[in-house]
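Trainee: build me a structure from this.
(chains A, B, C and D)
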Number of protein chains: 4
Amino acid sequence: MTVAYEGLSEDYNALLADAKEAMTRAYTPYSHFQVGAALLDDEGRVHYGCNIENAAYGPTNCAERTALFSAIANGLRPGKFKAIAVIGRTDGPIAPCGVCRQVLVELCPPDMPVVMGNMQGDWAIATVSELLPGAFTPASLDSTGL
Amino acid sequence: MTVAYEGLSEDYNALLADAKEAMTRAYTPYSHFQVGAALLDDEGRVHYGCNIENAAYGPTNCAERTALFSAIANGLRPGKFKAIAVIGRTDGPIAPCGVCRQVLVELCPPDMPVVMGNMQGDWAIATVSELLPGAFTPASLDSTGL
Amino acid sequence: MTVAYEGLSEDYNALLADAKEAMTRAYTPYSHFQVGAALLDDEGRVHYGCNIENAAYGPTNCAERTALFSAIANGLRPGKFKAIAVIGRTDGPIAPCGVCRQVLVELCPPDMPVVMGNMQGDWAIATVSELLPGAFTPASLDSTGL
Amino acid sequence: MTVAYEGLSEDYNALLADAKEAMTRAYTPYSHFQVGAALLDDEGRVHYGCNIENAAYGPTNCAERTALFSAIANGLRPGKFKAIAVIGRTDGPIAPCGVCRQVLVELCPPDMPVVMGNMQGDWAIATVSELLPGAFTPASLDSTGL
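Mentor: Residues are numbered from 1 along each chain as shown, chains lettered A, B, ... in the order given. Down below sits the predicted model:
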């Protein structure tokens, strides 16, 4: 049974439920901290993500990035995403890390909603650009004048 | 039409052809260097990977890791992989980077073959453990005695 | 001669000048996009940082992180920092990437100023927590209840 | 008192002792697995490194990379290194992770010795190129013909 997120739309409730299912696929032998993500593309398909850790820590990949990378590898083009939901066992709604925010900025529309939840029914929504204000973007790199 | 890799098994030729297709999905606005990967699981399914770059460079993800992360997020368990093929526009067979080798060591059998190719029909095969001799592994971390 | 940043304090002008000097040490054979950083610790010492790229892109390290990691390796403790300045050839003040913001959140006081500049005298200041609102923090990880 | 590494040169014993000191500066609230590194440049100076973790795991930086990045930020040029020593609480000599090997390949001579030790007097030496056979190098990227 899926936790219901009160006050959240049916669509986003469904996306959080997908994220919760993806969460069970996490590979977390080091932190035991499982995170799941579900990415909705503009054709209505859902791409799953979970965190996948590494003994060397640095090569660890988070759930949000896993979902995004998987979608691109399966043929989706950057920008063609509608929403992403993320869930974990946090006190409040889980917060994407800075690395994932940087990848969201690169691959998603700035006003795309990021739906953040936890296992107790708490949720929050922020847009991609709200999560990384004044982001370093492809345009920043172009501004070198090289 | 797919380049034929002479002397390479039909199965691995097919896997390199899959990798070549995945290569077309790469997102490489900064390097313009496309890489594709195809990961064969123990149920005979193929998982695709391509490199996905980022304006900040560091969050860039390679083709091999994309394939591995996507497979895990879709329900495959670590260790349940049979082979991975990688292809790029290199002079000789493409070489996985150290980050990908570290992730291969974490998620694949040590004797799993990594099939490396290029666009001119060159190829080479090495096992995961040959690519990262004396690797830092989950066992290394356990050896702390903590 | 150092570009003067009008309206910015003398101390932060000096820190930006240090960052500009560190910028000349950048290793950027791939992007040719040099960034410099200067980190002021609570004993008044300055730690330098520059970006250091890698053929595999992913292992690239940014200027801000280089300064922070160098300071820690030289004996500074997390939290013992007063300000960081960052500079690059951007149109407006340079923006730290999401990875660096995540590391700033981990190692610096939330209200520590990040002084961002460019080569034309533009500047902006934001605190660490403003750069990564609602960050994923050590406390997030603790909240798993494990 | 420093553990003596029998059969290892006095110089490398000294470098391992430096690495051991750097190890005490590690920031490892998540793994509690401390690693230290000491990098000898061609002017005889030693640059220190330790691992610095992050709640988000991915932005974690290892000891070897910390030493290399710090050296570059302090004015050393890539290639101007003579040896690096690494130490950790492992059963046998510690092994650098794949990310660090990739960075070593980028910034150090291929035949530069990597001295690996543990706290019980075990040691091993390998060259940079032995640690990442058939590495993906700057030349790989150039071979695209773009």
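Trainee: near chain B at all, the longest helix anywhere in chain A?
Mentor: When chain A is scanned for its longest helix (criterion: DSSP state H), the result is helix A:10-23. Yes: against chain B, helix A:10-23 shows contacts by CB under 8 Å from any CB of the partner chain at residue A:22. C-beta: built from backbone N, CA, C; applies to glycine.
Trainee: not counting its neighbours along the chain, what's nearest the residue of chain A found nearest chain B?
Mentor: When scored by CB to the nearest CB, chain A has residue A:70 as its residue closest to chain B, at 3.7 Å. Closest residue to residue A:70 apart from its sequence neighbours, by CB to CB, 6 or more residues apart in numbering or on different chains: residue B:70 at 3.7 Å.
Trainee: same deal with residue A:66?
Mentor: residue A:49 (3.6 Å).
Trainee: could you do residue A:82 as well?
Mentor: Residue A:82 sits nearest to residue A:40 (CB to CB, 6+ apart), 4.6 Å away.
Trainee: the one you found contacts residue A:80, doesn't it?
Mentor: No: using CB atoms under 8 Å, residue A:40 is not in contact with residue A:80, being 10.3 Å away.
Trainee: more crowded one of those two?
Mentor: Neighbour tally, residue A:40 and residue A:80, criterion other CB atoms under 10 Å in any protein chain shown: the higher count belongs to residue A:40, 24 against 15.
Trainee: now do the contacts for that one.
Mentor: By CB atoms under 8 Å, 6 or more residues apart in numbering or on different chains, residue A:40 lies in contact with A:15, A:46, A:81, A:82, A:83, A:84.
Trainee: name the residues linked to it by a beta bridge.
Mentor: With DSSP bridges as the criterion, residue A:40 is bridged to residue A:46, residue A:83.
Trainee: would you mark the buried spots in the lowest-mean-pLDDT helix or strand in chain A?
Mentor: Lowest by mean pLDDT, DSSP states H and E among the helices and strands of chain A is helix A:138-142, with a mean of 80. For helix A:138-142, the neighbour count (16 or more other CB atoms under 10 Å in any protein chain shown) marks A:140, A:141 as buried.
Trainee: how close does residue A:59 get to chain C?
Mentor: 8 Å (CB to the nearest CB, to the nearest Å).
Trainee: name the nearest residue to the one residue sitting closest to the centre of chain A, ignoring sequence neighbours.
Mentor: Chain A has residue A:64 as the residue nearest its centroid, 3.1 Å off, counting by CA atoms, centre = their mean. Among residues not flanking residue A:64 along the chain, residue A:100 sits closest, at 4.1 Å (CB to CB, 6+ apart).
Trainee: ok, now which ones touch the one you found?
Mentor: A:62, A:64, A:65, C:98.
Trainee: surely it is in a strand?
Mentor: No: with the criterion set as DSSP: H, G, I helix; E, B strand; the rest coil, the secondary structure at residue A:100 is helix rather than a strand.
Trainee: got any ranges where chain A has weak pLDDT?
Mentor: A:1-3, A:142-146 (pLDDT under 70).
Trainee: so where do the helices sit in chain A?
Mentor: A:10-23, A:63-73, A:98-107, A:128-131, A:138-142.
Trainee: surely residue A:84 meets residue A:101?
Mentor: No: taking CB under 8 Å as the definition, residue A:84 is not a contact partner of residue A:101, at 11.3 Å.
Trainee: thanks again, I'm all set now.
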